[in-house]
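Q: pasted the sequence and its predicted model underneath.
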Amino acid sequence: MASSSLFHLCVFVMCLVTITASSASLSPNYYDYTCPKALPTIKRVVEAAVQQERRMGASLLRLHFHDCFVNGCDASILLDATSNIDSEKNALPNANSARGFKVIDQIKYEVDKACGAPVVSCADILAVAARDSVVALGGPKWNVQLGRRDSTTANRTLADNDIPSPFMDLPALISTFQKQGLNTKDLVALSGGHTIGFAQCFTFRERIYNETNIDSSFASQRQATCPINGGNSNLSPLDPTSAKFDVAYFTNLVKQKGLLHSDQALYSSGSTSELVKSYSKNADAFWKDFAKSMVKMGNIKPLTGKQGQIRLNCRKVN
Ligand code: HEM
Ligand SMILES: *[C@@H]1O[C@H](CO)[C@@H](O)[C@H](O)[C@H]1NC(C)=O
Ligand SMILES: *[C@@H]1O[C@H](CO)[C@@H](O)[C@H](O)[C@H]1NC(C)=O
């Protein structure tokens, strides 16, 4: 009798542990029953947006990164400013820089329509759109963990503090990633996100005019569209094949043709140089590690279970 109720108690406790564990962690099958059309719908809208403008794939990848580094992947970056919300869109790394918000709105509209109810979070939309963008530009595919919920707050100060700056050296880059539970390998692999997209002149001016660890013909080439004075928002590609997810970003670092100071820092100062060199020669290794680190980044502090909410409009708290 006693041992049988002890047995039942144990089963009950195990059950509880299982339930708690599953509500606190994400799963790739999260929407299989509540909205099987969610993933194909996101993919369709992302593909159309990328077909219209290849750069949009880069912009959507970056949005997920900038979301995850500020209090976890909770769509806080999507909230517009109100009297209660100090919008992360106004933080230095995002202002006049983060883009793709209208595509996210469109995805949210289409997904809610396809599901017949607002069951998919804006945070999950960002994670899936980032993956689908990488795939659309010829990069690796991975299973996106799902079940994140959306924040009811944003924090501009934290966005300013926690999103790495292009002027950082290797130790500072390592510590911004470490703060998020990401290691040096994650830093190098995820920096490979700069195989797509563009940067504005003011983010690399100092490098192309004043630094010495830069190929001189590359520097003058970039100076042609980024003058010493003015032209702050003129764009340059982050690598020569800015619409293709390849290893050109890494081969360029080896040639001292990294665009941002923070890019070149991965090859100029020791501990990460070997990894840069190996990715430059081995696309499979880069792809595999990038996918793995994207999943890891996507797991930063998600809101799950009853935490947060599923926003009706990604720009506003319900
Ligand atoms: C390691 C630290 C990083 C720094 C310092 C950094 C910095 C920057 C800067 C300054 C820009 C240009 C923004 C502008 O001029 O408006 C940029 C663009 C971009 N970043 Fe990063 N980034 C980092 C890591 C990452 C990571 C981890 C990813 C994604 C996995 C990523 C994806 C992108 C993409 C795709 C773009 C191009 C966006 C577009 O064209 O719209 N970056 N980054
Ligand atoms: C934002 O983050 C900063 C730095 O961690 C913290 O001091 C501040 O209290 C946060 N603000 C809000 C509104 O949560
Ligand atoms: C280059 O460095 C000099 C000396 O530190 C500084 O005065 C100048 O503003 C820098 N130029 C650029 C384009 O950053």
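A: Ah, there it is. Residues are numbered from 1 along each chain as shown. Ligands and ions are numbered 1, 2, ... in the order given.
Q: measure residue 301 to residue 72 for me?
A: 3 Å (CB to CB, to the nearest Å). Heads up, the C-betas are built off the backbone N, CA and C, glycines and all.
Q: neighbour count: those two, which is higher?
A: residue 72 (20 against 14; other CB atoms under 10 Å).
Q: and the gap between the more buried one and residue 86?
A: Here residue 72 is placed at a distance of 17 Å from residue 86 (CB to CB).
Q: same deal with residue 253?
A: To residue 86, residue 253 is 36 Å away according to CB to CB.
Q: neighbour count winner among those two?
A: residue 253 (28 against 18).
Q: secondary structure element holding the more buried one?
A: In this structure, residue 253 sits in helix 248-254 according to DSSP states H and E.
Q: pLDDT wise, what is residue 270 at?
A: At residue 270, the model reports a pLDDT of 78.
Q: start at 19 instead
A: With the count now opening at 19, the last piece we talked about shows up as residue 288.
Q: would you confirm that it contacts residue 188?
A: Yes - under the criterion of CB atoms under 8 Å, residue 288 makes contact with residue 188 at 7.4 Å.
Q: residue nearest the centroid of this structure?
A: The residue lying closest to the centre of the chain (CA atoms, centre = their mean) is residue 83, at 2.3 Å.
Q: if I look at that residue, how far off is residue 275?
A: From residue 83 over to residue 275 the distance is 23 Å, taken as CB to CB.
Q: which residues are in contact with stretch 176-196?
A: 84, 87-89, 95, 106, 109-112, 197-198, 201-202, 204-205, 208, 217, 221-222, 224, 278-281, 283-284, 286-290 (CB atoms under 8 Å, 6 or more residues apart in numbering).
Q: residue 225 belongs to a helix?
A: Yes - residue state for residue 225 (DSSP: H, G, I helix; E, B strand; the rest coil) corresponds to a helix.
Q: ok so, going back, next secondary structure after the helix holding residue 271?
A: Next in sequence after helix 266-272, counting helices and strands by DSSP H and E, comes helix 279-286.
Q: residue 208: what secondary structure?
A: With three-state DSSP as the basis, residue 208 sits in helix.
Q: these two touch, right, it and residue 313?
A: No - between residue 208 and residue 313 there is no contact under CB under 8 Å: 11.1 Å.
Q: quick one on the thing from earlier: more neighbours: residue 288 and residue 188, which one.
A: Neighbour totals were compared for residue 288 and residue 188, and residue 188 leads with 20 against 8 (other CB under 10 Å).
Q: now the helix or strand hosting residue 85: average pLDDT?
A: Using DSSP H and E, residue 85 sits within helix 73-86. Mean per-residue pLDDT for helix 73-86: 98.
Q: for that helix, packing partners?
A: If contacts are counted by 3 or more CB pairs under 8 Å, 6 or more residues apart in numbering; DSSP states H and E, helix 73-86 sits against helix 56-70, helix 119-133, helix 140-154, helix 301-316.
Q: counting contacts, what elements does the second one pack onto?
A: So the one you mean is helix 119-133. Applying 3+ CB pairs under 8 Å, 6+ apart, we find helix 119-133 packed against helix 56-70, helix 73-86, helix 140-154.
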